[in-house]
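> A predicted structure for the sequence below; I have some questions about it.
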Amino acid sequence: AQKITQTQPGMFVQEKEAVTLDCTYDTSDPSYGLFWYKQPSSGEMIFLIYQGSYDQQNATEGRYSLNFQKARKSANLVISASQLGDSAMYFCAMRGQGGSEKLVFGKGMKLTVNP
Amino acid sequence: EAGVAQSPRYKIIEKRQSVAFWCNPISGHATLYWYQQILGQGPKLLIQFQNNGVVDDSQLPKDRFSAERLKGVDSTLKIQPAKLEDSAVYLCASSLDLALAFRETQYFGPGTRLLVL
């Protein structure tokens, strides 16, 4: 079974600064995918970035990048140049290699960007 | 491209009443998911459909929850009778094809906020 741990309940960052959101995971599957989602107060889960366990390079999507350390089983999200609109809940999730494997989410963490 | 649509956005009911939620996935997406998100937690999968067949409903409380996707497109999730602990956000998601397995990105709708009094 997969497990996602997000230990930071909340973080504050100044606008235009970079911030790292931590995520560690546990799985026995040799192949898996890691995802980050953003959930603003409106409630919709917005897909941000994906990292495959065998991808050679760390994933990047615009201001989002994933610091993937496979040996440490960590998949931290880095947001560069924070914006006020980045204030939201952030969830790390993973899915194993089986076709019916569930997407398992962490508890999330709240990011607040201050002007 | 239109995203995942859900209705209603909000629902307040009393315990022991019934309620139904509707979801229309992204056009062409074969796989549809229903999640329950209790306040302060991440979403938990309730049921997963591939076209109109159930792939995984192991975490669906089948004594009170039911879901269907009769024509392989939109889906309905029902709770009957509702309990206080069912108060949560119910999220619907869809993905292109289960065959892509762990690489498949799920796209979520805005959710339905349910309050059971």
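Sure, I can see it. Numbering: from 1, shown residues only, chains lettered A, B, ... in the order given.
> only C-alpha atoms for contact and neighbour calcs from this point on.
Noted.
> so what's residue 50 up against?
Since no chain was named, I'll use chain A. Shown in contact with A:Y50 (C-alpha atoms under 8 Å, 6 or more residues apart in numbering or on different chains): A:33-36, A:59, B:105.
> oops, chain B please
B:30-32, B:72, B:97-98.
> Phi first, then psi, for A:Y32.
With angles defined as degrees, to the nearest 10, A:Y32 sits at phi -160, psi 170.
> brain fart, A:D86
According to degrees, to the nearest 10, A:D86 has phi -80, psi -10.
> Isn't it up against A:P115?
No: A:D86 is not in contact with A:P115 according to C-alpha atoms under 8 Å; the separation is 11.6 Å.
> circling back to that earlier point, inside strands: which ones of the contacts of B:Q50?
Mapping the contacts of B:Q50 onto strands (DSSP state E) picks out B:31-32.
> among the contacts of B:Q50, which ones are buried?
For the contacts of B:Q50, a neighbour count by 16 or more other C-alpha atoms under 10 Å in any protein chain shown gives the buried set as B:30-32, B:72, B:97-98.
> buried ones in stretch B:74-94?
Across stretch B:74-94, burial judged by 16+ other C-alpha under 10 Å covers B:74-80, B:82-83, B:86-94.
> same deal with stretch B:10-26?
B:13, B:15, B:19, B:21-26.
> what does stretch A:24-44 give?
Neighbour counts using 16+ other C-alpha under 10 Å place A:24-25, A:32-40, A:43-44 of stretch A:24-44 among the buried residues.
> and those as a markdown table, adding secondary structure, pLDDT and distance to chain B?
Formatted as a markdown table, the buried residues of stretch A:24-44 follow (DSSP: H, G, I helix; E, B strand; the rest coil; pLDDT from 0 to 100; distance: C-alpha to the nearest C-alpha, whole Å):
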| residue | secondary structure | pLDDT | distance to chain B |
| --- | --- | --- | --- |
| A:T24 | strand | 97 | 15 |
| A:Y25 | strand | 96 | 14 |
| A:Y32 | strand | 90 | 6 |
| A:G33 | strand | 91 | 5 |
| A:L34 | strand | 94 | 9 |
| A:F35 | strand | 95 | 8 |
| A:W36 | strand | 97 | 10 |
| A:Y37 | strand | 97 | 10 |
| A:K38 | strand | 97 | 11 |
| A:Q39 | strand | 96 | 10 |
| A:P40 | coil | 94 | 10 |
| A:G43 | coil | 88 | 6 |
| A:E44 | coil | 89 | 4 |
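> quick one on the thing from earlier: mind listing which of the buried residues of stretch B:10-26 are in strands?
If you go by DSSP E, those have B:13, B:19, B:21-24 in strands.
> before we move on, the earlier item: farthest-separated two in the buried residues of stretch B:10-26?
Greatest spatial distance in the buried residues of stretch B:10-26: B:K15 and B:I26, 32.4 Å, computed using C-alpha to C-alpha.
> Point out where chain B drops to low pLDDT.
In the predicted model of chain B, residues B:1, B:98-102 satisfy pLDDT under 70.
> can you do 80?
Low-confidence segments of chain B, defined by pLDDT under 80: B:1, B:97-104.
> all strands of chain A, in order?
Along chain A, the segments classed as strands by DSSP E run A:3-5, A:10-14, A:19-21, A:24-26, A:32-39, A:46-52, A:60-61, A:64-69, A:74-79, A:88-96, A:104-105, A:109-114.
> Of the ones you listed, which stretch is the most buried?
Mean neighbours per residue, mean count of other C-alpha atoms under 10 Å in any protein chain shown, is largest over these for strand A:88-96, with a mean of 26.
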